[in-house]
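S.K.: what follows is a predicted structure for the sequence shown.
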Amino acid sequence: MAVLKTKRQTMAQALIAFLKNQYTERDGLEQPLFAGCFGIFGHGNVAGIGQALQQNPDFRYYQVRNEQAMVHMASGYTKIKNRLQTFVCTSSIGPGATNMVTGVALATINHLPVLLLPGDIFARRNVAPVLQQLESSQSQDISANDCFKPVSRYWDRINRPDQLITTLPEAMRVLTSPVDCGAVTLALPQDVQAEAFDYPADLFNKRVWHVRRYRPDANALAEAAILIRASKRPMIIAGGGVIYSEATAILEEFVAQTGIPVGETMAGKGSLKYDHVLQMGGVGATGTLAANLIAREADLVIGIGTRYSDFTTASKTAFQNPNVRFININVAEFDAFKHYALALVGDAQATLAELKEALEGFHVEDAYYQEAARLHQEWEAEVDRIYAVRNTPLPSQGELIGILNEQTSPDAIMVNAAGSMPGDLHKLWRARNPKNYHVEYGYSCMGYEIAGGLGVKMAAPERDVYVIVGDGSYLMLSSDLATSIQEGYKLIVTIWDNGGFKSIGSLSRSLGQDGFGTRFVFPKDNILAGDSAKDSVQELDIDFAANARSLGAEVIECQTTQDYEAALQAAQKTDRTTVIYIKNDRYVNVPGYESWWDVTVAEVSEMPSVQEARAEWQKMRDKEKFFH
Ligand SMILES: Cc1ncc(C[n+]2csc(CCOP(=O)(O)OP(=O)(O)O)c2C)c(N)n1
Ligand SMILES: [Mg+2]
């Protein structure tokens, strides 16, 4: 009988040795799945994973400032890598672990693979409760790490070292699956991390996870071609799946052949270059006039790689044609069937190639094509108009977007996530390459910007990375500026200060609530005043420039748009992370264009302004559709 070759290692050593040897392959390109490990050590991981990382210097460890931020870094990184490479994140137990939960939810919502290794309480239990242990009188099988269950695509706790052998292949399958990918959490009891086991030696052989391009069912494809040929007003909605699948070139060919206009979701923006004649721009609640007019009348919507969030569907008001039907191309059956669609379950690139062949000779009618082309031109003129505004005394956000777009290289990457910026950027940013527009809008998480931007830069060090961060988001999570300095990954961070929450302020006013709680002001008479108090309240005087400088960044403070242009040019010439600070006007908004977002207004209220807002809300509520 052959003797099984084994290697005696601690569970943590075995885990790192295994992770080092995992690769992905798609279209013949083979790469390591993991670029290394971000982490913060505490008693829950220092002796286990910490020791294993120390003895594996070829699996690079990166020290970070905040556990939430490190998960954002991993998300930013893997998004640029089209999910074929990612990072591991290690934390201690308790607060170190739960700090990651927000980042984990973000990764899963955006279908971004990230591997989390939170330390966990002793499996052996005899010393419990250990420092930071969440106790339950109901069960000894509960720890703070159970919080990761709903936000993970795969969750496991390794209570014995040999459990790794069955868990790791499952974890890798999920991380490398275009259908199931998202966060994978392996909770690691701190005692078990340090326990040794005789692992089979071949567990540590190189493994390649092949990322397949699944093809749709042939009958479904034939039916889709019939539907498209019969359609008078088809439209494509390009989602993030187009970009992850690297389907942008075939999309352009498909559009050239068929003449079907394209609207883009937040994650899909950049699928088609901004100046393509059939580019209608962002669609939905933050959409353009062109895309939203086309969507309103469309009789057939071809969704590609989209999960149809309420921003994309304008809370189910975007599609008003009573006969509208949907064809969804999606690698995930769950998303492909949304809106009672004809589902083409498959990879976007592979499916578009087959659909293109099935549609040979088909082109939309000329009148429809001309209408779309005209809407495209008109939208471009509207962007020019907003870019050219020169508001005084403070610039408007639209003009800052224009300056940033025009002053930056076409292959740069712009990063943003929350606040009033995503909506304006979705309309106004001219995406010049598929990665040019990097806005995290699945979770729209304040605090993603700088951390996510750092992950982006690590994934694409040859490209300039511009992070747009609001004053609110900056105050929430900016400490990993220090990590960008420590590791020499240069970011250009631009803080747009509008004295608080412009986004929620304007939402609050639209609900009749006067911007309550959204200005950064001192309380007066024990009340935090809203917008009607105007200048009668004192604003917080936060020195953002000094704050950024203290973390090691170069800082350029601007007053005017000319200063801002000059600052961007100067920042491009240095090799150090640079923060550009400018104030902008809280009240000058980019308009909405035939769009709507359902935020339900109080049904009863003693405030007349709220009653009026409720009446307006009801009109749009009545337009919301079911697709069944
Ligand atoms: C972590 C988190 N908390 C709360 C929110 C809700 N929220 C969305 S935008 C926003 C304000 C953002 O302020 P700022 O970064 O200054 O951007 P601005 O709205 O001023 O453009 C808030 C509180 C969120 N998206 N993320
Ligand atoms: Mg703000």
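M.R.: Cool, got the structure. Predicted model, so just to flag it, every value in this text is computed and none were measured. Numbering: from 1, shown residues only. Ligands and ions are numbered 1, 2, ... in the order given.
S.K.: who in the stretch 401-550 of the chain is up against ligand 1?
M.R.: 418-421, 444-447, 470-473, 498, 501-504 (C-beta under 6 Å from any ligand atom). All C-beta atoms are positioned from the backbone trio N, CA, C, and that covers glycine.
S.K.: how close does E30 sit to K502?
M.R.: Per C-beta to C-beta, to the nearest Å, E30 is found 46 Å from K502.
S.K.: who has more neighbours, these two?
M.R.: K502 (28 against 13; other C-beta atoms under 10 Å).
S.K.: for that one, grab phi and psi.
M.R.: phi -60, psi -40 (degrees, to the nearest 10).
S.K.: is it true that K206 touches T24?
M.R.: No: between K206 and T24 no contact is recorded; they are 12.0 Å apart, counting by C-beta atoms under 8 Å.
S.K.: the more surrounded of these two?
M.R.: Neighbour count, other C-beta under 10 Å: between K206 and T24, T24 has more, with 25 against 10.
S.K.: where's that one, which helix or strand?
M.R.: Assigned by DSSP states H and E, T24 falls within strand 22-26.
S.K.: let me know the average pLDDT across that strand.
M.R.: Averaging pLDDT along strand 22-26 gives 98.
S.K.: what residues does this structure have near ligand 2?
M.R.: 470-472, 498, 502 (C-beta under 5 Å from the ion).
S.K.: most proximal residue of the stretch 151-300 of the chain with respect to ligand 1?
M.R.: T286 (12.9 Å; C-beta to the nearest ligand atom).
S.K.: what about that residue, neighbour count?
M.R.: Using other C-beta under 10 Å, T286 has 24 other residues around it.
S.K.: point out the residues in the stretch 51-200 of the chain that sit beside ligand 1.
M.R.: Close to ligand 1, as judged by C-beta under 6 Å from any ligand atom, the stretch 51-200 of the chain has no residues.
S.K.: show me where pLDDT drops low in the stretch 51-200 of the chain?
M.R.: For the stretch 51-200 of the chain, no stretch has pLDDT under 70.
S.K.: and K81, how many neighbours does it have?
M.R.: 22.
S.K.: mind listing what the residue nearest to it when sequence neighbours are not counted touches?
M.R.: Leaving aside its sequence neighbours, K81 sits nearest to A459 (C-beta to C-beta, 6 or more residues apart in numbering; 5.3 Å). By C-beta atoms under 8 Å, 6 or more residues apart in numbering, the residues touching A459 are 76-81, 85.
S.K.: from those, which land in helices?
M.R.: Taking DSSP state H as the definition of helices, these contribute 76-80.
S.K.: pull out the buried residues from the helix or strand hosting E565.
M.R.: If you go by DSSP H and E, E565 is part of helix 561-573. Within helix 561-573, the residues that qualify as buried are 561, 564, 567-568, 571, counting by 16 or more other C-beta atoms under 10 Å.
S.K.: and stretch 339-351, by the same measure?
M.R.: Within stretch 339-351, the residues that qualify as buried are 339, 341-351, counting by 16+ other C-beta under 10 Å.
S.K.: so what's the spatially most central residue of the chain up against?
M.R.: Nearest to the mean C-alpha position of the chain, by C-alpha atoms, centre = their mean, lies E440 at 2.7 Å. Shown in contact with E440 (C-beta under 8 Å, 6+ apart): 75-76, 106, 110, 416-417, 448, 452.
S.K.: in the stretch 1-150 of the chain, what residue lies closest to ligand 2?
M.R.: Closest contact between the stretch 1-150 of the chain and ligand 2, by C-beta to the ion, is at H72 (19.0 Å).
S.K.: number of nearby residues for that residue?
M.R.: Neighbours of H72 (other C-beta under 10 Å): 34.
S.K.: now the one 5 residues further on
M.R.: Per other C-beta under 10 Å, the neighbour tally for Y77 reads 25.
S.K.: now the residue lying closest to it once chain neighbours are set aside: which helix or strand?
M.R.: Spatial nearest neighbour of Y77, chain neighbours left out: G455 (3.8 Å); criterion: C-beta to C-beta, 6+ apart. For G455, the host element (DSSP H and E) is helix 448-459.
S.K.: tell me what the helix or strand following that helix is packed against?
M.R.: The element immediately downstream of helix 448-459 (helix or strand, assigned by DSSP H and E) is strand 465-470. With contacts taken as 3 or more C-beta pairs under 8 Å, 6 or more residues apart in numbering; DSSP states H and E, strand 465-470 sits against strand 413-416, helix 421-428, helix 448-459, strand 492-497.
S.K.: of the ones you listed, which is nearest V242?
M.R.: V242 lies closest to helix 421-428 among the helices and strands packed on strand 465-470, at 15.7 Å (C-beta to C-beta).
S.K.: summarise which helices and strands that closest one is packed against.
M.R.: When contacts are defined as 3+ C-beta pairs under 8 Å, 6+ apart, helix 421-428 sits against strand 279-282, helix 366-387, helix 397-407, strand 413-416, strand 437-439, strand 465-470.
S.K.: please redo it, this time with the cut-off set to 10 Å
M.R.: Counting contacts by 3 or more C-beta pairs under 10 Å, 6 or more residues apart in numbering; DSSP states H and E, helix 421-428 packs against strand 279-282, helix 289-297, helix 366-387, helix 397-407, strand 413-416, strand 437-439, strand 465-470, helix 502-510.
S.K.: one step back: can you redo the buried residues of stretch 339-351 as CSV, where the extra columns are secondary structure?
M.R.: Formatted as CSV, the buried residues of stretch 339-351 follow (DSSP: H, G, I helix; E, B strand; the rest coil):
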residue, secondary structure
H339, helix
A341, coil
L342, strand
A343, strand
L344, strand
V345, strand
G346, coil
D347, coil
A348, helix
Q349, helix
A350, helix
T351, helix
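S.K.: circling back to that earlier point, the helix holding G455 vs strand 465-470, what angle?
M.R.: Angle, helix 448-459 to strand 465-470, by axes from the mean of the first three to the mean of the last three C-alpha atoms, to 10 degrees: 170 degrees.
S.K.: report the rounded mean pLDDT for helix 448-459.
M.R.: Computed over helix 448-459, the average pLDDT equals 98.
S.K.: what's the answer for stretch 254-261, then?
M.R.: Here the average pLDDT along stretch 254-261 is 98.
S.K.: same deal with stretch 565-579?
M.R.: 98.
S.K.: quick one, grab the pLDDT at M1.
M.R.: Model confidence at M1, given as pLDDT, is 63.
S.K.: meant to ask about L511, not that
M.R.: pLDDT, L511: 93.
S.K.: that one: what's it in contact with?
M.R.: By C-beta atoms under 10 Å, 6 or more residues apart in numbering, L511 lies in contact with 599-602, 605, 607, 609-610, 613-614, 616-617.
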